[in-house]
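Visitor: fold the following for me, if possible:
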Amino acid sequence: MILSASRRTDLPAYYPDWFCNRVREGYLLVRNPMNFHQVSRISLSPEVVDGIVFWTKNPLPLMLRLEELRAYPYYFQFSLTPYGKDVEPGVPSKNDVILPAFQQLSRRIGPERVIWRYDPILFTARYTLEYHLTYFEQLARRLEGYTRKCVISFVDLYRNTRANLDGLGFSPLTQKEMTELARRLADIANRHHLILETCAERIDLEQFGIAHGHCIDQTLLEQLTGTRLTLEKDKNQRPECGCMASIDIGAYDSCRHGCRYCYATHSPKSVARNIQAHDPASPLLTGQVLPEDIIRDRVMFSCREEQLRLSAK
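Guide: Presented below is the predicted three-dimensional model:
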């Protein structure tokens with residue numbers, strides 16, 4: 001089984017101690033977002049965990065403990081965007097902290113295991129098409145050789161994200177703007193030897209060499225494990241999502257970045273409450289097991305085939 005760590009929160013940035021504690025214990029608990037007292041027990045045995053995909057804007061806290069994860073194949077989906085504190089108030093300086101962190105992580109684990117996410121793309125009075133092109137060029141130049149792939153997506157407007165973007169001069173992208181931006185981003189990516197893919201987008205950009213991507217990527221996971229994996233498409237994601245099935249081990253309303261486009265954060269009060277309830281020694285990311293909780297073991301099994309794949313020469 002593949003673990004997603006996590007679409008719901010920045011686990012590497014804010015919860016590395018908790019995660020490494022759970023690795024030592026061999027399991028963790030995850031609440032069902034739709035049923036609070038329904039709790040799944042997730043095994044962290046390397047016998048059943050075929051890989052881990054980390055999602056982060058700041059991997060530095062977890063990078064100090066990567067040696068503790070040596071039993072697992074893993075890679076990072078690393079979001080690095082052009083936005084300032086008006087949109088991403090909790091993210092450290094891109095120039096002074098995040099860009100050097102990206103390069104450091106790549107040097108440590110290899111560029112194929114650090115996927116650059118330039119997403120979500122949104123337009124405001126400040127963040128115009130030309131702004132994106134200028135900033136993307138600068139980032140692509142500095143990340144050349146430190147990653148093989150860049151994933152882009154256009155912002156999705158959920159009820160909470162629409163409200164959060166009020167006051168920024170936000171304007172939805174038209175089909176023409178998406179196509180023009182994608183065409184010019186593809187030119188930049190090509191100059192800097194980057195594969196460009198989209199994440200969960202309906203729009204067809206194949207004419208610019210931009211394929212629909214797979215963030216939980218079977219091909220990459222097979223390369224990392226050296227083994228064929230029998231994986232299925234994730235039925236719990238949007239139809240446009242190309243990801244393989246995974247178990248997300250995060251919790252909503254627990255990320256401190258405060259990004260104003262984030263679908264996984266519903267209110268600052270909920271985030272503050274969950275942060276206060278966090279205990280690195282708890283099997284749950286936020287809070288403790290309650291008497292009324294119903295805990296069931298999640299059925300898990302390895303998707304690895306026995307026959308090793310021979311690496312291409």
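
Visitor: hey, let's count contacts and neighbours off CA atoms from now on
Guide: Noted.

Visitor: ok, Q103 - contacts?
Guide: For Q103, the contacting residues are 143, 146, taking Cα atoms under 8 Å, 6 or more residues apart in numbering as the criterion.

Visitor: in a strand, that's where it is, yeah?
Guide: No - with DSSP: H, G, I helix; E, B strand; the rest coil as the criterion, Q103 is assigned helix and is not in a strand.

Visitor: so how far is Y74 from it?
Guide: From Q103 across to Y74, the span is 17 Å (Cα to Cα, to the nearest Å).

Visitor: tell me which helix or strand V151 sits in.
Guide: Secondary structure assignment for V151, by DSSP states H and E: strand 149-154.

Visitor: which helices and strands does that strand pack with?
Guide: Applying 3 or more Cα pairs under 8 Å, 6 or more residues apart in numbering; DSSP states H and E, we find strand 149-154 packed against strand 114-121, strand 195-198.

Visitor: tell me the most buried of these?
Guide: With neighbours taken as mean count of other Cα atoms under 10 Å, the helices and strands packed on strand 149-154 reach their highest mean count in strand 195-198, at a mean of 23.

Visitor: quickly run through the sheet partners of it, with directions.
Guide: strand 149-154 (parallel), strand 211-212 (parallel) (DSSP bridges).

Visitor: give the contact list for the most centrally placed residue in the chain.
Guide: Nearest to the mean C-alpha position of the chain, counting by Cα atoms, centre = their mean, stands W55 at 2.7 Å. Residues in contact with W55 (Cα under 8 Å, 6+ apart) are 4-7, 10-12, 76-79.

Visitor: and with 7 Å instead?
Guide: 5-7, 10, 76-78 (Cα atoms under 7 Å, 6 or more residues apart in numbering).

Visitor: which element is it on?
Guide: Secondary structure here is read from DSSP H and E; on that basis W55 sits in strand 51-56.

Visitor: now the helix or strand just after that strand: mean pLDDT?
Guide: Beyond strand 51-56 in the direction of the C-terminus, DSSP H and E gives the next helix or strand as helix 60-63. In this model, helix 60-63 has an average pLDDT of 98.

Visitor: and if you look at stretch 296-313?
Guide: Per-residue confidence for stretch 296-313 averages out to 71 on the pLDDT scale.

Visitor: cool, and stretch 184-203?
Guide: The model assigns stretch 184-203 a mean pLDDT of 96.

Visitor: picking up where we left off before, among the helices and strands packed on strand 149-154, which is nearest G287?
Guide: strand 114-121 (30.1 Å; Cα to Cα).

Visitor: what's that closest one in contact with?
Guide: Here strand 114-121 has contacts from 75-81, 106, 147, 149-155, using Cα under 7 Å, 6+ apart.

Visitor: just the residues you listed: which has the poorest pLDDT?
Guide: Within the contacts of strand 114-121, pLDDT reaches its minimum at V155, with 91.

Visitor: number of residues surrounding that one?
Guide: With neighbours defined by other Cα atoms under 10 Å, the count for V155 comes to 17.

Visitor: now swap in E180 and tell me
Guide: With neighbours defined by other Cα under 10 Å, the count for E180 comes to 12.

Visitor: tell me the contacts of it?
Guide: Neighbouring residues of E180 by Cα under 7 Å, 6+ apart: there are none.
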